[in-house]
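Visitor: Fold the following.
(chains A and B)
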Amino acid sequence: MRSQAVKGTYDVLPDATPTWRYLRSTIERTLGRAGVREIVPPIFEHSEIFDKSVGESADLVVQKEMYRFEDRGGRSLTLRPEFTAGVLRAYVEHGMHTLPSPVKLWSLGPAFRAENVQRGRYRQFHQVNCEILGSPGPLVDAEAIALLHDLLVALGLPDLRVALGSVGDPEDRDAYNAYLREALEPRKHELSETSQERLRLNPMRVLDSKNEQDQAIVAELDAPLDRLGDAARAHLDGVAQYLSDWGIAFDLAPSIVRGLDYYRRTAFEIHAEGIGAQSALAGGGRYDGLVESLGGPPTPGIGWAMGVERVLDALEGAGKLPGPDAGPNVFLVPMDETAIDEAARLARDLRSDLHVQHAYVKRNPGKGLRDADRAGARYAALRGERERAAGVWTLKHLASGEQREVPESELRTAVLED
RNA sequence: GUGGGUGUAGCUCAGGGGUUAGAGCACCGGAUUGUGGUUCCGGGGGCCGUGGGUUCAAAUCCCAUCACCCACCCCA
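Guide: Got it, this is the predicted structure:
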């Protein structure tokens, strides 16, 4: 029996849950006001769903990092490593393409990847996810980015850096990959091992290398943005124009690439300063064609995912975490055995509209007031033989120290006065 | 998968072969038998991560293992 959480998982303790409620309520407000509706897909799906979306075309490591298991019926199931596939499966399954377009959906919840842990990276981690489906134009791309930006701002994060790029249309990618192969093949042996492997499988991803020498070599080449086709270029310009019009600062990122084939055109990330090696708070992109590959009608879409742990990390660094929950309106202190039951009964009654706690054992006034103080109560109400005889509770306002005797029937009103 | 660091009380950490393992915070009690926060006094709490080894003797040294942290790698 190991009473220890599984590696890469962690408990959100009561002191931290207010932060998560703050996150959720900010999402509900910010995205809800833009007509984005919440969707809650299951946390596991038939494995094919993820194979279709992320697995088949992607690096082996992506496959390896999925939590996959067989259920008793012999079905292969996979814990979601990201939200998009499940959300789109639900979109297809429930015929949501018949809803007024675009369909805008958000989710918040856990996702799972069997990777090594470090600051801001867990095996059960959490994402805020947002998808906008049904519109091919740059306007929804800009809206998606703006929503993400506005959400982070609403949460209280300063110093955001929006990086906007494009992976082009499929034919642009083919052309660019061919260009990379041609340009890099002669110098192949100067590249790192990983990059050589990528050159073979998916040349664009060489640009992702953090190896210094790789970077030096890559720096001499044209970036994907330099070689976009006219359509993709116009699309990118459109997105950039909207962002400029809306006053959202961004940098053009010539070399943002994606490991997965289904991405096309818009790709973006948002970074924050000062949270260690994992500075990307969120990222997303356009994935026209993915819905179709999941068995739905051809449907353009764009989406993003925000890493909750990293955002909370950044919020903490910025001193923007919400304070603890408010304490009780009143804390009842029984000062003899009879008063214990009286306190419990009164608490139940007052709880119809007040936050009420009480001691479960007989307390003298000193201990009882200390209990009330530690619970963060506004008032303490004491009950002993004397109070019982008079049908009252001794009500003390803890901050001021003022106290008076209040008939039990008037306690609710008295507590609400301040 | 790789490298480095750290595992001692609920928490943060001291102690680096030799009595009965310590501090601060937290918790409980008392000073105060019907009045909190401050203060003072006292108390309960420990397989010193786990397993093996060296030694007369191991929290301390060695090996292994597990966990956590940081970074690399990777990142849908």
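Visitor: Return the distance of stretch A:289-299 from the chain's centre.
Guide: 25 Å (CA atoms, centre = their mean, to the nearest Å).
Visitor: Okay, domains of chain A per the record?
Guide: A:17-169+A:229-317, A:330-417 (automatic domain parsing).
Visitor: pull the longest helix from chain A.
Guide: Longest helix of chain A, by residue count under DSSP state H: helix A:138-155.
Visitor: Go through that one and flag the buried ones.
Guide: Neighbour-count burial for helix A:138-155 flags A:138, A:140-152, A:155 (criterion: 16 or more other CB atoms under 10 Å). All C-beta atoms are positioned from the backbone trio N, CA, C, and that covers glycine.
Visitor: Show me where the stretch 101-250 of chain A has its strands.
Guide: Counting by DSSP state E, counting those that start in this stretch, the stretch 101-250 of chain A has strands at residues A:103-112, A:124-133, A:160-166.
Visitor: can you give me the strands in the stretch 301-418 of chain A?
Guide: Secondary structure of the stretch 301-418 of chain A (DSSP E, counting those that start in this stretch): strands at A:301-307, A:330-334, A:356-358, A:379-383, A:392-397, A:403-407.
Visitor: and those as a markdown table, adding mean neighbour count, distance to A:Glu193 and mean pLDDT?
Guide: A markdown table is the format used below for the strands of the stretch 301-418 of chain A (neighbours: other CB atoms under 10 Å; distance: least, CB to CB, whole Å; pLDDT from 0 to 100):
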| stretch | mean neighbour count | distance to A:Glu193 | mean pLDDT |
| --- | --- | --- | --- |
| strand A:301-307 | 24 | 28 | 94 |
| strand A:330-334 | 28 | 65 | 95 |
| strand A:356-358 | 23 | 61 | 94 |
| strand A:379-383 | 26 | 68 | 95 |
| strand A:392-397 | 21 | 70 | 95 |
| strand A:403-407 | 14 | 75 | 95 |
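Visitor: Can you add distance to A:Asp230 and give those strands back as a markdown table?
Guide: Shown next, in a markdown table, are these (distance: least, CB to CB, whole Å):
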| stretch | distance to A:Asp230 |
| --- | --- |
| strand A:301-307 | 20 |
| strand A:330-334 | 70 |
| strand A:356-358 | 68 |
| strand A:379-383 | 71 |
| strand A:392-397 | 72 |
| strand A:403-407 | 78 |
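Visitor: A:Ala318: which of those strands is closest?
Guide: The closest of the strands of the stretch 301-418 of chain A to A:Ala318 is strand A:301-307. By CB to CB, the value is 15.7 Å.
Visitor: Now do the closest one: distance to the chain's middle.
Guide: On the basis of CA atoms, centre = their mean, strand A:301-307 sits 10 Å off its chain's mean C-alpha point.
Visitor: Quick one: list the elements packing against that strand.
Guide: Packing partners of strand A:301-307 (3 or more CB pairs under 8 Å, 6 or more residues apart in numbering; DSSP states H and E): helix A:84-93, strand A:124-133, helix A:138-155, strand A:280-286.
Visitor: name the helices or strands packed onto the first one?
Guide: Just to be clear, that refers to helix A:84-93. Here helix A:84-93 touches strand A:44-46, helix A:47-50, strand A:103-112, strand A:124-133, helix A:290-293, strand A:301-307, going by 3+ CB pairs under 8 Å, 6+ apart.
Visitor: is RNA strand B contacted by that helix?
Guide: Yes: Helix A:84-93 comes into contact with RNA strand B (CB under 7 Å from any atom of the strand), by way of A:Thr84.
Visitor: now the angle from that helix to strand A:301-307?
Guide: Put simply, helix A:84-93 runs at 140 degrees to strand A:301-307, going by axes from the mean of the first three to the mean of the last three CA atoms, to 10 degrees.
Visitor: A:Ala339 and A:Lys362 touch, don't they?
Guide: Yes: assessed by CB atoms under 8 Å, A:Ala339 is found in contact with A:Lys362 at 7.5 Å.
Visitor: Between the two, point out the one with more neighbours.
Guide: A:Ala339 (24 against 16; other CB atoms under 10 Å).
Visitor: Quick check: closest non-adjacent residue to the more buried one.
Guide: Leaving aside its chain neighbours, A:Ala339 sits nearest to A:Arg383 (4.2 Å; criterion: CB to CB, 6 or more residues apart in numbering).
Visitor: Please apply the same query to A:Glu405.
Guide: Once flanking residues are discounted, A:Glu405 sits nearest to A:Val392: 4.3 Å by CB to CB, 6+ apart.
Visitor: Would you mind naming the residues that bridge with the one you found?
Guide: Here A:Val392 sits in beta bridges with A:Pro407, going by DSSP bridges.
Visitor: Quick one: low-confidence residue ranges for chain A.
Guide: Applying pLDDT under 70 to chain A flags residues A:1-2, A:54-64, A:259, A:273-278, A:418.
Visitor: sorry, back to before: please produce JSON lines containing the domains of chain A, extended by distance to A:His189.
Guide: Putting those into JSON lines (distance: least, CB to CB, whole Å) gives the following:
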{"stretch": "domain A:17-169+A:229-317", "distance to A:His189": "21"}
{"stretch": "domain A:330-417", "distance to A:His189": "66"}
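Visitor: Relative to A:Pro324, which of those domains is closest?
Guide: Minimum separation from A:Pro324 across these (CB to CB) falls at domain A:17-169+A:229-317, 6.3 Å.
Visitor: ok now the closest one, how far from the chain's centre?
Guide: In terms of CA atoms, centre = their mean, the gap separating the centre of domain A:17-169+A:229-317 from the centre of its chain is 10 Å.
Visitor: ok, back up a step: just give me the closest of the buried residues of helix A:138-155 to A:Val128.
Guide: Using CB to CB, A:Leu151 comes nearest to A:Val128 of those, at 7.4 Å.
Visitor: Quick one: residues contacting A:Val87.
Guide: Residues near A:Val87 by CB atoms under 8 Å, 6 or more residues apart in numbering: A:39, A:41, A:105, A:107, A:129, A:131, A:303.
Visitor: Name the residues of the stretch 251-400 of chain A found near RNA strand B, please.
Guide: Proximity of the stretch 251-400 of chain A to RNA strand B, by CB under 7 Å from any atom of the strand, involves residues A:258-260, A:276-278, A:283, A:305, A:335, A:364-367, A:369-370, A:372-374, A:382, A:384-387, A:394, A:396, A:398-400.
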